[in-house]
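Visitor: A structural model of the following input is requested.
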Amino acid sequence: MKKWGTLVIALLMVTSLLAACGQNKNNDGSAQGAGSNAGNSGKKVITLGTSADFAPYEFHIKNDQGQDEIVGFDIEIAKEIAKDLGAELQIKDLQFDSLMNELNSGRIDFAISGLSPTADRQKEVDMSKIYFTATQAVVTRAGEEGSYKTLDTLVGKKIGVQKGSIQEGIARTIEDAKITSLAKTQDIMMQLKTGRIDVAIIEGPVAEAYVSNIDGLTIAEAQPEAEDDGYIVAVKKGNKELLDKVNATLTRLMEDGSIDKFIVEASELAEK
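Guide: Have a look, this model is predicted:
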C-alpha cells in the first residue's frame, strides 16, 4: 500500500508541475494574451502599448517605494479606460515606431503615446476621437535661441526628431535640413546637449518638461505647425467594440474636466 500511495503522490506532483509549465506568463505574472486573460486580481487584463519617454504624457519615475513606475497624462487616461472596462491594466513600454505593429499583431490591445491622426496611421489602425491638441516647439541650447525666430532660420540646420513622429514629417519639409531621427526623446536631448544637432523639434509640453529638467537647453521663438496636432487612442482595425468604449471614456474625461487635471498633475510630476 505504501508503494501505491507513493506512486499516486508522485503522479499528482508531475501533473501539477506540467500544468504550471504549460501556462505562459508575462513579466508581471499575468497570463499572456492581450485583453483576454485574468490578472492577479482575477480581472480581465487589457494591455496598453506606449513609449514612455514623452513627459508629461508617459515617462518613468522612481515611486515612493523606490520602484520604477510609468506615469503621465496618457497613463491616467489608460487607467480610466481599463476601469470603465472592468479590467486590469498592463503597460508595455515599447519603441514609438513599433507601436502600430504591436497593435496589429495583437500583442497589445490599445496604444496611447502622443499619437497623431496621420493619414498613414488611419490606414493601419482605428482611431478614437481627438482627446487633446498640442503645439510644437523648437528646442536649442541656451544662448542660441535668438538664432531661431522663424521656421526659415532652420533651413540647412541639423534637426533632431523622434522616429516615426509628426515632428519628423515637419523636419522633412524644411529645406536642406539634416535630420537625425532617434527612437527616444532623451537621446535627442543628449545629441542637442553635445552639439551633434542644432535644434530639436518636439511637442510643446514635452519640450517644456525637458527644458525645465536639463540645464543649458531652452525653447526658441520659432513655432512649427502641423495639420495633425491632435492626439488619439489607437486600437486594432475592426475592433469597434473596444473603440466605442474608449470613446465613451474619453467623452466622460473631457466633459468632467479630468483631461485638463491630468495634464497639470503630470506636468508638475515631470518637473520634479
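Visitor: which other helices and strands contact whichever helix or strand Glu102 is part of?
Guide: Following DSSP states H and E, one finds Glu102 within helix 99-105. Contact partners of helix 99-105 among helices and strands, from 3 or more Cβ pairs under 8 Å, 6 or more residues apart in numbering; DSSP states H and E: strand 44-50, strand 110-115, helix 119-124, strand 125-127, strand 230-236. No exception for glycine: its C-beta is placed from N, CA and C like everyone else's.
Visitor: Off-centre distance for the shortest one?
Guide: Taking the mean of its C-alpha atoms, strand 125-127 sits 16 Å from the chain's own mean (Cα atoms, centre = their mean, to the nearest Å).
Visitor: List the neighbouring strands of it plus their orientation.
Guide: Taking DSSP bridges as the criterion, strand 125-127 sits next to strand 230-236 (antiparallel) in its sheet.
Visitor: Dihedrals phi and psi, Ser212?
Guide: Geometry field for Ser212 lists phi and psi as phi -70, psi -20, criterion degrees, to the nearest 10.
Visitor: burial measure for it, as a count.
Guide: When neighbours are counted by other Cβ atoms under 10 Å, Ser212 registers 13.
Visitor: got it, and Ile108?
Guide: Applying the criterion other Cβ under 10 Å, we find 25 residues in the vicinity of Ile108.
Visitor: ditto for the one 5 residues further on
Guide: Other residues within reach of Ser113, judged by other Cβ under 10 Å, total 23.
Visitor: And stretch 261-270, what's buried?
Guide: Of the residues in stretch 261-270, those scored as buried under the neighbour-count criterion (16 or more other Cβ atoms under 10 Å) are 262-263, 266-267, 269-270.
Visitor: Can you list the strands that the helix or strand hosting Lys92 pairs with?
Guide: Element membership for Lys92, per DSSP H and E: strand 87-93. Sheet partners assigned to strand 87-93 using DSSP bridges are listed as strand 44-50 (parallel).
Visitor: The partner strand - what's its average pLDDT?
Guide: Model confidence over strand 44-50, given as mean pLDDT, is 97.
Visitor: Name whatever forms a beta bridge with Ile179.
Guide: When bridges are called by DSSP bridges, Ile179 pairs up with Ile159.
Visitor: what sits against it?
Guide: With contact set as Cβ atoms under 8 Å, 6 or more residues apart in numbering, Ile179 has these partners: 159-161, 168, 171-172.
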